[in-house]
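>>> generate a structure from the sequence data that follows.
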Amino acid sequence: MSYKHETVAEAKVKSEEYVERMHRHNEPLSVEPELVDFRTAIENKYIKTMHRSLNTAYVYIEGEQMVLGWIGYGDFQSTIAGDSKYVVYARNIGNMRHVEGSDEHFMRSALRLDKAVKNCNANLIRYTSGETGCALSELPKRKFSLLSREADEAYSNVQSSIGLIDRTNNTGLALELITLIQDGYVFRQPELHENISKLSHLKDQYNKHSRNNQRPMDFVRVYKNPREELCADVVRIININAYTSWGRDKPIADRVSGKDMYLAEALPENIAGKVAVMAMCENGQFVEDVGYKVDDTMFYFYPEEPTT
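The predicted structure follows:
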């Protein structure tokens with residue numbers, strides 16, 4: 001396992017479903033009065049909490065896209081029974097008493113409420129745009145993986161249809177057949193001619209969508225600054241295909257390349273145009289050669305090809 005990044009939108013849906021389910025069964029929303037005290041102690045003008053489970057609550061900042069983490073009160077040890085404690089779960093915690101990747105690795109616990117509040121203040125911090133882009137990049141990566149599978153399957157099927165079963169050993173023959181078609185040769189069997197004609201395009205698609213390609217993407221996050229001005233950050237994700245969760249030995253700087261900050265009206269025309277296109281799409285929709293829409297405030301775009 002790795003750290004479980006969640007958007008505020010996702011957490012709100014889960015929280016509402018939890019509350020509805022508990023009300024439907026006439027069950028209490030929380031069984032731990034200490035959790036109520038914990039939530040009250042950390043909430044302020046900016047920091048908010050919402051129900052997550054009987055003994056945990058999400059922590060977030062209204063207007064921010066990512067959940068900061070969650071807090072809880074109880075025994076969260078997975079191996080042995082222990083005392084109930086105040087717990088905070090956050091991405092930048094590295095509890096070396098527990099295996100990296102386990103839930104406990106991302107937890108700090110305390111017996112006293114005042115110490116627990118200090119743990120929250122130290123560890124429940126805003127996501128940078130780079131962190132957000134990396135945390136959510138599995139979403140467009142799944143779309144690229146699907147494109148890769150589809151391209152691979154289409155290329156394999158047409159090769160099989162003309163008798164090229166072993167792709168590795170028949171690459172040269174496939175190229176010769178493509179060249180014959182390009183030079184104007186017409187095969188006697190119409191179906192064979194049609195399938196060989198498809199080879200060139202399908203080969204290009206296969207190469208284009210290969211999982212082995214380095215796939216940079218521009219992540220765009222739209223938000224309001226403290227002056228209530230609409231802004232946008234643009235962060236280059238170096239390679240979506242190679243993305244894995246960051247950690248102590250995988251710094252976020254290795255995943256992103258620079259960040260540009262703009263007032264919304266000053267956003268470069270090419271990016272503003274893509275935002276306008278993707279804004280009309282559904283959340284979670286992918287448009288090939290344009291990008292992927294997380295929601296109305298976050299997008300991944302194919303970078304502009306360099307001009308010569």
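>>> need the contact list for the residue most central in space within the chain.
By CA atoms, centre = their mean, the mean C-alpha position of the chain lies nearest to L136, the distance being 1.6 Å. When contacts are counted by CB atoms under 8 Å, 6 or more residues apart in numbering, L136 touches 5, 7, 294, 298. Glycine gets a C-beta too; all of them are placed from N, C-alpha and C.
>>> neighbours of the last one, how many?
Under the neighbour criterion other CB atoms under 10 Å, M298 is assigned a count of 23.
>>> can you show me the helices along the stretch 201-308 of the chain?
Counting by DSSP state H, counting those that start in this stretch, the stretch 201-308 of the chain has helices at residues 269-279.
>>> quick one: low-confidence ranges for it?
Scanning the stretch 201-308 of the chain for pLDDT under 70 picks out the ranges 243-254, 305-308.
>>> if you set the cut-off to 80 instead, what comes out?
The stretch 201-308 of the chain contains residues with pLDDT under 80 at 211-212, 242-254, 258, 304-308.
>>> can you map out the strands along it?
Ranges of strands in the stretch 201-308 of the chain, per DSSP state E, counting those that start in this stretch, are 217-224, 230-237, 256-263, 286-287, 291-295, 298-301.
>>> now these in JSON lines, with distance to E153?
Putting the strands of the stretch 201-308 of the chain into JSON lines (distance: least, CB to CB, whole Å) gives the following:
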{"stretch": "strand 217-224", "distance to E153": "24"}
{"stretch": "strand 230-237", "distance to E153": "27"}
{"stretch": "strand 256-263", "distance to E153": "32"}
{"stretch": "strand 286-287", "distance to E153": "18"}
{"stretch": "strand 291-295", "distance to E153": "22"}
{"stretch": "strand 298-301", "distance to E153": "24"}
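>>> just those strands: most buried one?
Comparing those by mean neighbour count (mean count of other CB atoms under 10 Å), strand 298-301 ranks first with a mean of 25.
>>> partner strands of that one, parallel or antiparallel?
Next to strand 298-301 in the sheet, as set by DSSP bridges, lie strand 217-224 (antiparallel), strand 291-295 (antiparallel).
>>> check which residues of stretch 93-109 are buried.
Neighbour-count burial for stretch 93-109, counted by 16 or more other CB atoms under 10 Å, picks out 93, 98, 103-109.
>>> what's the end-to-end length of it?
With CA to CA, to the nearest Å as the measure, stretch 93-109 spans 11 Å from end to end.
>>> ok, now stretch 260-275?
One end of stretch 260-275 to the other measures 16 Å (CA to CA).
>>> how far off centre is that stretch?
Relative to the centre of its chain, stretch 260-275 is centred 22 Å away, using CA atoms, centre = their mean, to the nearest Å.
>>> swap in stretch 123-139?
Remark: stretch 123-139 is offset 8 Å from the chain centroid, using CA atoms, centre = their mean.
>>> end-to-end on it?
Chord length of stretch 123-139, first to last residue, is 26 Å (CA to CA).
>>> in which helix or strand would I find the closest residue to P28 other than its chain neighbours?
Leaving aside its chain neighbours, P28 sits nearest to M22 (7.1 Å; criterion: CB to CB, 6 or more residues apart in numbering). M22 is part of helix 8-24, with elements assigned from DSSP states H and E.
>>> so which of the contacts of L136 comes closest to Y73?
Closest approach to Y73 among these (CB to CB): H5, at 23.0 Å.
>>> my guess is that closest one contacts G133. True?
No. With contacts counted by CB atoms under 8 Å, H5 stays clear of G133, the gap being 11.1 Å.
>>> more crowded one of these two?
G133 (29 against 18).
>>> what's the first helix or strand after the helix holding M22?
Toward the C-terminus, helix 8-24 is succeeded by helix 33-42 as the next helix or strand (DSSP H and E).
>>> quick one: name whatever helix or strand follows that following helix.
Following helix 33-42 in sequence order, the next helix or strand is strand 47-53 (DSSP H and E).
>>> with that, I have no additional questions.
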